[in-house]
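>>> This is a predicted model, with the sequence first.
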Amino acid sequence: MFVAYLDRINISIADPTIQKALHISPVAFGAVLSAFTFGYAILQIPGGILADKIGAKKLLVIALIWWSIFTGMTGMAMSVGFLIVVRVLFGVGEGLENGAQFKLIGDFFPSKQRSAANGLFLISIALGPAIVAPLAVWLL
């Protein structure tokens, strides 16, 4: 999850550069940012169902490969339409993760340790952007 949140913050930091390179208006860029959230949201429940059906570990590997491909494709976008499609599909890959990760915590941690395990999992939501934002600014 830490790595997933690293990826999410980068596009916000690269916003001015992307808008300039692709001649995207702020409104269109808002659609780009929303596209990820749409793909992410629609796969939350199906991701949990898939984790139960095919296994959480297998789904995490599939999701990681999926969103890694579309993270890379984000940098290849030459139009707003393509960027929106890529961001939706990137969101789909990351949307598959949560159900699988929570299932793994439930499967591998005794009930008395699940709160701590979930806490460690969820702290990455804050640490990923906090750590990568200054680095991403420096790299840009």
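Noted; the coordinates are in hand.
>>> Point out where the chain drops to low pLDDT.
For the chain, no stretch has pLDDT under 70.
>>> Residue 59 versus the residue of it most remote from its centre, what's the distance?
What lies farthest from the middle of the chain is residue 112; by Cα atoms, centre = their mean that is 28.9 Å. Distance, residue 112 to residue 59, by Cβ to Cβ, to the nearest Å: 26 Å. (Glycine included, C-beta is placed from N, CA and C.)
>>> repeat for residue 123
From residue 123 across to residue 59, the span is 22 Å (Cβ to Cβ).
>>> what's the answer for residue 97, then?
In terms of Cβ to Cβ, residue 97 sits 8 Å off from residue 59.
>>> between those two, what contacts are shared?
Each of residue 47 lies in contact with both residue 97 and residue 59 under the rule Cβ atoms under 8 Å, 6 or more residues apart in numbering.
>>> same for the helix or strand encompassing residue 33, what does it pack against?
Residue 33 belongs to helix 26-42 when assigned by DSSP states H and E. Contact here means 3 or more Cβ pairs under 8 Å, 6 or more residues apart in numbering; DSSP states H and E; on that basis helix 26-42 packs against helix 2-13, helix 15-22, helix 80-108.
>>> Many thanks, we can stop here.
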